[in-house]
Every structure is written in C-alpha cells, then in structure tokens.
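> following is a predicted model, sequence given first.
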Amino acid sequence: MPSSTTPTPVDAERVRACVQALGLRYFVDDEGDVGIPWRYVTVHVIFQDTRAVQLRGVWHRIADTDHLEQMRALVEEWNVTRIGPKAYVTVADGGVVRLHGEVTYPLKAKMTDQQLSDFVFNGCRLIVTLMREAENLFPDPLRGRLEP
C-alpha cells in the first residue's frame, strides 16, 4: 500500500475521504460528485474524464442581463489581479446571469494526501473569496437568492 507521501491517482473515494478528514460538510449528488456547501456557494468536485479534477462553484445568487456588464467587470478584474480561481459568467436562456469560479488540477500529475487536502481546502477558500467579493459588490437582491 502506498504511503500518504507518495503521489497516487485521485478518485471520488479519495476526495470523499479528504473532505471528511478536513471536517467539511458535504453531500454526494445523483451523479456521484461531491458537493461542499458554503455560505455563498456550493463547490462541486467534478472529474473531467481522466484528464482533470475541478472544484467548481456557482454563486447562490443570480442576476439578470441588467447586471451583466458589472459582472463582467468583476470577472475581468478578478482574473487579471488574482491567480485563482478562474472566474467567468454565463448567460442562460431567459437572461439569467450566473457567476462561476473554478480551480483545476491535472489528474496525470497524481497527488499526495497533503496535496489533495491543500487543493480541496485552498481551492474552496479561493472560490468562497470570489463569491464574497460578489456579495460585497452586489448587496442588492439582483434577481434573487438560491440558498441551499
């Protein structure tokens, strides 16, 4: 059995064990992905085939296209001045604007237990920081809240 200091493949089972060891609340969705709920965002751990693992969060609040330029300005400033998480907005049919943050790690690189723990904890913290910044910039209700 490999030691915890040997980089080993990352899979959903290791992620669940890591989240439990960190003492974070989590759930497993219907597709087997781990979700970690925070105040402003739920961070999902998503495997991109065998290529990468991502921590991906979507702000609990939604906006409409009236706020699109301000949201884009936040994303542009964020991505230019910080190394992570990658921030972006999406616009769905009906004009619903969503703010996203994500951190990606290549699976071929493997991870030690400590690296996985650091990736999950720090990645979540970075995504939560992005969403807190959005909360500070947009204190109005925008279009509503999607609380967990």
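Yes, it's here. Because the structure is a prediction, the values reported are computed rather than measured.
> just name the shakiest helix or strand of this structure by mean pLDDT.
Evaluated with mean pLDDT, DSSP states H and E, the helix-and-strand set of the chain has its lowest mean pLDDT in strand 144-145, which scores a mean of 48.
> in this structure, which spans are helices?
Using DSSP state H, the helices found in the chain span residues 12-22, 68-81, 113-137.
> just put those helices in a markdown table and tack on mean pLDDT, distance to residue 42 and mean neighbour count.
All C-beta spots, glycine's among them, are computed from the backbone N, C-alpha and C. Output for the helices of the chain, formatted as a markdown table (pLDDT from 0 to 100; distance: least, C-beta to C-beta, whole Å; neighbours: other C-beta atoms under 10 Å):
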| stretch | mean pLDDT | distance to residue 42 | mean neighbour count |
| --- | --- | --- | --- |
| helix 12-22 | 95 | 13 | 15 |
| helix 68-81 | 95 | 19 | 14 |
| helix 113-137 | 94 | 10 | 19 |
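> adding distance to residue 59, write the ones you listed out as JSON lines.
Formatted as JSON lines, those follow (distance: least, C-beta to C-beta, whole Å):
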{"stretch": "helix 12-22", "distance to residue 59": "21"}
{"stretch": "helix 68-81", "distance to residue 59": "9"}
{"stretch": "helix 113-137", "distance to residue 59": "5"}
